[in-house]
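Engineer: Turn this into a model:
(one chain, ligands or ions: 2)
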Amino acid sequence: MARHLITSAIPYINGIKHLGNLVGSQLPADLYARYLRGRGNEVMFLCATDEHGTPAELAAAKAGLPVAEFCARMHEVQSDIASRFGLSFDHFGRSSSDRNRGLTQHFAQKLAENGLIAEVEERQVYSVDDGRFLPDRYIEGTCPNCGYDKARGDQCENCTKQLDPTDLIDPRSAISGSTNLEVRTTKHLYLRQSVLKEEISAWIDSKTDWPILTTSIARKWLNDGDGLRDRGITRDLDWGVPVPGLPGKVFYVWFDAPIEYIACAAELADATGQDDAFWRRWWRTDEGAHDVTYTQFMGKDNVPFHTLSFPATLIGSGEPWKMVDYIKSFNYLTYDGGQFSTSQGRGVFMDQALSILPADYWRWWLLSHAPEGSDAEFTWDNFQQSVNKDLADVLGNFVSRITKFARSKFGETVPQGGAWTERETALAAALTERLRAYEDFMDHREVRKAASELRAIWVLGNEYLQSAAPWATFKTDPQAAAMQVRLGLNLIRLYAILSAPFIPFAAQTLREAMGADAEWPDDVTAALTTLSPGHAFAVPENLFAKITDEQREEWQERFKGVRD
Ligand SMILES: Nc1ncnc2c1ncn2[C@@H]1O[C@H](COP(=O)(O)OP(=O)(O)OP(=O)(O)O)[C@@H](O)[C@H]1O
Ligand SMILES: [Zn+2]
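Structural biologist: Ligands and ions are numbered 1, 2, ... in the order given. This next block holds a predicted model:
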């Protein structure tokens, strides 16, 4: 039994996540966690809400709530939707927790002791009327590059140029609209990443098995221009982790967010009444984490922070923290010809998705079309086809035919009689080959390829049923038909176990209907004879309903605009 630590990029708190966020982080992480648990490994699967930063403050202001209360409410909302999607976190934490505050301050302190923090005098825009500095999105104005008049302090959304607040022409406060602004000097902390460049470079070079998407993004930022640059890690805000010794300042959200991966495990310990040793054995290589394999999941825009900044924090601390072993990154899922966007409300959001279909339909489509090699597009046509074919015609149909036929001819117990022929031996051999390929792809976090092996495993069952045709066999040789049905019922049990990482809810229904255990099949032949004659089963209710053309058209229409 191996030990696996798994983290998903932590979803930002400002709203309900869309299907792109889901497939780019939490869902594949859940797939991997479920698979590893299914194979008997010890798994710690962590996720949390990312609660600091200016967008949270602005969203709270828009909702008319104090930011702490807004975050507490949104955390509950996200947590509820996550569990309805079957995301099996061992803990869903909060980056605003006391644990994260403590750890973030701890890391800053260690970095300072090691000479990796610089104090820099900076020129920042101050709003006299609002009585505060205006970092990042708190300031708007005209873009010096393209002339767009709603450019923000950190970036122009029109031409995508990265900006500093002092670059803006005719700047105004995003809070009050006031133009009574002045530039003041203020002190900020910088993380001296440039000092660690060689060490981080060598570390990335040692990761020869990582996806190209991950290493290419890391190398681009390591080597672009002047190379790895020092970064400001503090902001003039109230909401965030306070910076000791610098009143009125908090750490930048991207400094404390990845530290929450660690804090989250500590939050779990607190929530379950366990001591610090409980979480430190996952995170400290000197306290038990030396044998842990750590995998992170995220969309491509998060890669620089996980390959450079967060490793700089951990390495720079000089302490033996567990470093990531594998970073699985994803390209983008696009929506019917455009981008998903939380701020513009474009696409399908997790709550909306569940209001029209159960989680497994989405899980299956998203994972089997995960944007691994390139961006992938969600279209309603493709969704309908894939659900109807894979889930309804292949898996659902197989289950329904076998169980209904079995019940009608032999009653609701596994029938007795008959012996395997060459057809069954050949099926077991074909299944074994597919199963080993499936395991191999899952072990390598190859999501799409694993999905297509699983589909092929389902197809083998249908082909067997087609060629064995127990309904015809029954007329001439009822004993042989009994054997075929027995095999079919055992196949359903096998499918329940193998499919659980992708479609956990349907898998559970199948397992309960078969009155079966969940033991991973090492030997397929043994697995296909696990349910013995006399074992009771039930006919599961229609497992998957097909998506009709009317439904597809209605949803296409309903989700084509933007959400309020
Ligand atoms: N269209 C997408 N396809 C795949 N992954 C995505 C997509 N958009 C965001 N992600 C990933 O989703 C995860 C959670 O993102 P986060 O909550 O920070 O939202 P975000 O990146 O601000 O996206 P948005 O602005 O659309 O809400 C991150 O790992 C991010 O890389
Ligand atoms: Zn611009």
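
Engineer: Let me know the distance separating Ile13 from Met74.
Structural biologist: The gap separating Ile13 from Met74 is 5 Å, by C-beta to C-beta, to the nearest Å. Any C-beta I mention is one placed from the backbone N, CA and C, and that applies to glycine too.

Engineer: When these two are compared, which one has more neighbours?
Structural biologist: Ile13 (27 against 23; other C-beta atoms under 10 Å).

Engineer: what does stretch 97-115 rub up against?
Structural biologist: 93-94, 117, 189, 191-192, 195, 233, 241-244, 251, 255-256, 259-260, 262-264, 266-267, 270, 313, 316-319 (C-beta atoms under 8 Å, 6 or more residues apart in numbering).

Engineer: Quick one: neighbours of the residue of the stretch 51-200 of the chain found nearest ligand 1, just the number.
Structural biologist: At 8.0 Å from ligand 1, Pro55 is the closest residue in the stretch 51-200 of the chain, using C-beta to the nearest ligand atom. Per other C-beta under 10 Å, the neighbour tally for Pro55 reads 18.

Engineer: i'd like the first residue to be 26 from this point on
Structural biologist: Yep, numbering from 26; the last one is Pro80 now.

Engineer: show me the contacts for it.
Structural biologist: 37, 39, 162.

Engineer: Return the set of residues that bridge with the first one.
Structural biologist: Pointing back at Tyr37 there. With DSSP bridges as the criterion, Tyr37 is bridged to Asp75.

Engineer: Against the centre of this structure, work out the most remote residue.
Structural biologist: Ranked by distance from the centre of the chain (C-alpha atoms, centre = their mean), the top residue is Thr501, with 52.3 Å.

Engineer: Compute the distance between that one and Leu452, please.
Structural biologist: Thr501 is 21 Å from Leu452, by C-beta to C-beta.

Engineer: got it, and Glu292?
Structural biologist: Counting by C-beta to C-beta - Glu292 and Leu452 are separated by 48 Å.

Engineer: Tell me which helix or strand Thr359 sits in.
Structural biologist: strand 358-360 (DSSP states H and E).

Engineer: and what of Leu238?
Structural biologist: Using DSSP H and E, Leu238 falls in helix 237-248.

Engineer: What parts of the protein come near ligand 1?
Structural biologist: Counting by C-beta under 6 Å from any ligand atom, the positions of the chain adjacent to ligand 1 are 34, 36-37, 42, 45-46, 48-50, 323-324, 326-327, 355, 357-358, 365-367, 396.

Engineer: of these, list those near ligand 2.
Structural biologist: Among the residues of the chain next to ligand 1, not one lies near ligand 2 by C-beta under 5 Å from the ion.

Engineer: Could you double-check that Asn515 sits in contact with Ser557?
Structural biologist: No: counting by C-beta atoms under 8 Å, Asn515 does not reach Ser557; the two are 9.3 Å apart.

Engineer: So for the two, which sits in the more crowded spot?
Structural biologist: Shown here are Asn515 and Ser557; by other C-beta under 10 Å, Asn515 has more neighbours (21 against 10).

Engineer: Name all residues that make contact with the residue nearest to the more buried one when sequence neighbours are not counted.
Structural biologist: Excluding its sequence neighbours, the residue lying closest to Asn515 (C-beta to C-beta, 6 or more residues apart in numbering) is Leu553, at 4.6 Å. Contacts were defined as C-beta under 8 Å, 6+ apart; by that measure Leu553 touches 449, 453, 456, 512, 515-516, 519.

Engineer: Keep only those of the residues you listed that are in helices.
Structural biologist: Counting by DSSP state H, the contacts of Leu553 place 449, 453, 456, 512, 515-516, 519 in helices.

Engineer: Report the buried members of the contacts of Pro80.
Structural biologist: The neighbour count (16 or more other C-beta atoms under 10 Å) marks 37, 39, 162 as buried among the contacts of Pro80.

Engineer: Using CSV, please lay out those residues together with pLDDT.
Structural biologist: Listed next are these as CSV, based on pLDDT from 0 to 100:
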residue, pLDDT
Tyr37, 96
Asn39, 90
Arg162, 83
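
Engineer: ok, so of those, who is nearest ligand 2?
Structural biologist: Arg162 (14.9 Å; C-beta to the ion).

Engineer: got the domain boundaries for this protein?
Structural biologist: The chain breaks down into these domains under automatic domain parsing: 28-139+222-248+276-355, 142-216, 401-552.

Engineer: weakest of those in terms of mean pLDDT?
Structural biologist: Lowest mean pLDDT of these: domain 142-216, a mean of 89.

Engineer: picking up where we left off before, any idea how far the residue nearest to Asn515 lies from Glu449?
Structural biologist: 8 Å.

Engineer: Name the residues contacting each of these two.
Structural biologist: Leu512.

Engineer: ok, and for stretch 473-490, which residues are buried?
Structural biologist: 473-483, 485-486, 489-490.

Engineer: can you list contacts of that stretch?
Structural biologist: Residues outside stretch 473-490 that contact it (C-beta under 8 Å, 6+ apart): 56, 389, 392-395, 397, 415, 419-420, 422-423, 426-427, 448, 452, 455-456, 459-460, 462-463, 466-467, 512-513, 516, 520, 523-524, 527.

Engineer: Mind doing that once more with 6 Å?
Structural biologist: 392-393, 395, 397, 415, 419-420, 423, 452, 455-456, 459, 462-463, 466-467, 516 (C-beta atoms under 6 Å, 6 or more residues apart in numbering).

Engineer: Could you do stretch 296-314 as well?
Structural biologist: Applying C-beta under 6 Å, 6+ apart, the external contacts of stretch 296-314 come out as 30, 69, 287, 290-291, 294, 345, 347.

Engineer: Touching the helix or strand where Leu71 lies from outside, list them.
Structural biologist: According to DSSP H and E, Leu71 maps onto strand 67-74. Residues outside strand 67-74 that contact it (C-beta under 6 Å, 6+ apart): 26, 28-33, 35, 38, 58, 61-62, 100, 103, 114-120, 285, 289, 307.

Engineer: tell me the angle of the host helix or strand of Ala294 relative to strand 67-74?
Structural biologist: Assessed by DSSP H and E, Ala294 sits inside helix 278-296. Calculated by axes from the mean of the first three to the mean of the last three C-alpha atoms, to 10 degrees, helix 278-296 forms an angle of 130 degrees with strand 67-74.

Engineer: Give me every residue in the stretch 26-175 of the chain lying close to ligand 2.
Structural biologist: Going by C-beta under 5 Å from the ion, the residues of the stretch 26-175 of the chain near ligand 2 are 168, 170-171, 173.

Engineer: For stretch 145-152, list every residue counted as buried.
Structural biologist: Quick answer for stretch 145-152 (16+ other C-beta under 10 Å): 147, 149-152.

Engineer: right, I mislabeled it, should have said stretch 536-545
Structural biologist: 536, 538-539, 541.
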